[in-house]
Every structure is written in C-alpha cells, then in structure tokens.
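Engineer: Sharing a model prediction with you, sequence too.
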Amino acid sequence: QAGLTQPPSVSKDLRQTATLTCTGNSNNVGYQGAAWLQQHQGQPPKLLFYRNNNRPSGISERFSASRSGNTASLTITGLQPEDEADYYCSAWDNSLSVVVFGGGTKLTVL
Amino acid sequence: EVQLVESGGGLVQPGGSLRLSCATSGFTFSDHYMDWVRQAPGKGLEWVGRSRNKAHSYTTEYAASVKGRFSVSRDDSKNSVYLQMNSLKIEDTAVYYCARLGNDPKDFQHWGQGTLVTVSS
C-alpha cells in the first residue's frame, strides 16, 4: 500500500517557523484530509490535529494545520526545543479501505 | 482519564503465534473504533488493523501486509481489544500500539504505551 509522502527531515533555528508537508492523492488526503501526530523519542505518538484541521485540547496554538488539494501542511511557529520530534501524517484511504501513514519528518530545532 | 494498556508482547520464533491485549478504561469502550498500529525499531508508523464498534457491526479492516495472518477482535464487556498474530515473520518485529479513534473524525485520539514483539529464531 502506497503511503503518504513526507520530507524525511527539516531543520530550523530556535524561534523560527517550520512548515511540514504531507502529500497523498484524491483517495486519501484529498478525500478527507490528513491528521497529524507528534512522537518524541521513546514515547507513543500524540494527536496534534484531526483531519479536519481541528486541534485537540491542550495543543499549543503555535501549531496550525491546513490542506490544499492532495497536500496537507503542518506549521509550527516560534520553534522551541521541545518541538524537536518526529511528525507523522495519517489519512483514511477510501479506495483501499486502509489507513495510510506518511514516512515521518524528523524536525530538528537548531 | 482515558487509559490504554497493551500486554502480551515478547519473543516468538518465526511461524509462531502471539496474542496481544489492550485493556482500556476512562471512556465508553463500545462507542469507539479501536486500531492497532506498529513501529519497527527505528522506523515509522505502520497501520495494522481496525475493529469498528457495535454500531458498525464490529467489522474489521487490515493492512495488506498482515491480512490473512492477523486478526483483530474485541470484548466490549471487558473494555478490551485484541490482536491475534499467526504465522509471524521476522519483519513483524515492532512495538505494537493500540489506539482509540475519535468519533468524528475517526483519527488516533489516544494511544497506549505499546508492547514489543520480537520475532527471531
């Protein structure tokens, strides 16, 4: 099953803005959008955004999500050391009836 | 507080079987879809399978990589979901997480801490 496409790594300076992308097709990201997950080393993933770009309670407003066509984006402003983590997107593929994940983006805050 | 606790992981030989359990608390289990997701050492997340709720007839879905070998089941009376893994392969080695989906949209709202399955001779 083809997964979603994410850049393997992104590096940004402290207090800068990072934008991570997630590209799929019309059967998954383009169908209902993509959710975003954050995973720190040795921890389970944590939901950052639902596929409708709504933020669960407790997630910092420095994080925002959007979608254009088959590409979803996660933007993090005012980068902090604790933002250094792996970020995954996920989507339901309506054609295959499976969940597809992106390969993950490792965000490094310099 | 929502809690999900996986158990049952361990070392198993190729071709062997293992049954993982995920005990939950803090929410109305019968209302929710439950998924299994795995993560091989140093790798990304891979979806394994899903158990829908009673309202959706407890139907299941599986990733192509495990279809025919793995089976997801649930017991609403015990607030638990299970993953029966048969014909295990070395490439099934991973941390296995159970996850509760939200009601709408159905995204991975809560995760357990995971249980490690190692397939090796």
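Structural biologist: Everything's here; your move. Numbering: from 1, shown residues only, chains lettered A, B, ... in the order given.

Engineer: Extract the C-alpha set from stretch B:98-116 and format it as CSV.
Structural biologist: Coordinates of each C-alpha in stretch B:98-116 appear next as CSV, following Å, rounded to 0.1, in the frame of the first residue of the first chain:
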residue,chain,number,x,y,z
CYS,B,98,-3.4,0.1,20.3
ALA,B,99,-5.2,3.4,19.7
ARG,B,100,-8.7,4.7,20.3
LEU,B,101,-10.2,6.6,17.5
GLY,B,102,-12.3,9.7,17.9
ASN,B,103,-16.0,9.6,17.0
ASP,B,104,-15.8,12.2,14.3
PRO,B,105,-13.4,12.5,12.6
LYS,B,106,-12.1,9.0,13.3
ASP,B,107,-8.5,9.8,14.0
PHE,B,108,-6.0,8.4,16.5
GLN,B,109,-7.1,10.3,19.6
HIS,B,110,-5.5,8.2,22.3
TRP,B,111,-2.6,5.7,22.4
GLY,B,112,-1.2,3.1,24.7
GLN,B,113,2.4,2.9,25.6
GLY,B,114,3.0,-0.1,23.3
THR,B,115,4.2,-3.7,23.7
LEU,B,116,7.3,-5.0,21.9
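
Engineer: Contacts for it, please.
Structural biologist: For stretch B:98-116, contacts defined as C-beta atoms under 8 Å, 6 or more residues apart in numbering or on different chains pick out A:32, A:35, A:37, A:44-47, A:50-52, A:56, A:90, A:92, B:2, B:4-10, B:20, B:22, B:24, B:27, B:31-37, B:39, B:81, B:83, B:94-97. C-betas here are computed from N, CA, C, even on glycine.

Engineer: go on, stretch A:20-28?
Structural biologist: By C-beta under 8 Å, 6+ apart, stretch A:20-28 touches A:4-7, A:10, A:29-30, A:34, A:36, A:70-76, A:87, A:89, A:91-96, A:100, A:102, A:105, A:107.

Engineer: near chain B, which of these show up?
Structural biologist: Contacts with chain B within these, counted by C-beta under 8 Å from any C-beta of the partner chain: A:Trp92, A:Val100, A:Gly102.

Engineer: Please enumerate the helices of chain A.
Structural biologist: A:29-32 (DSSP state H).
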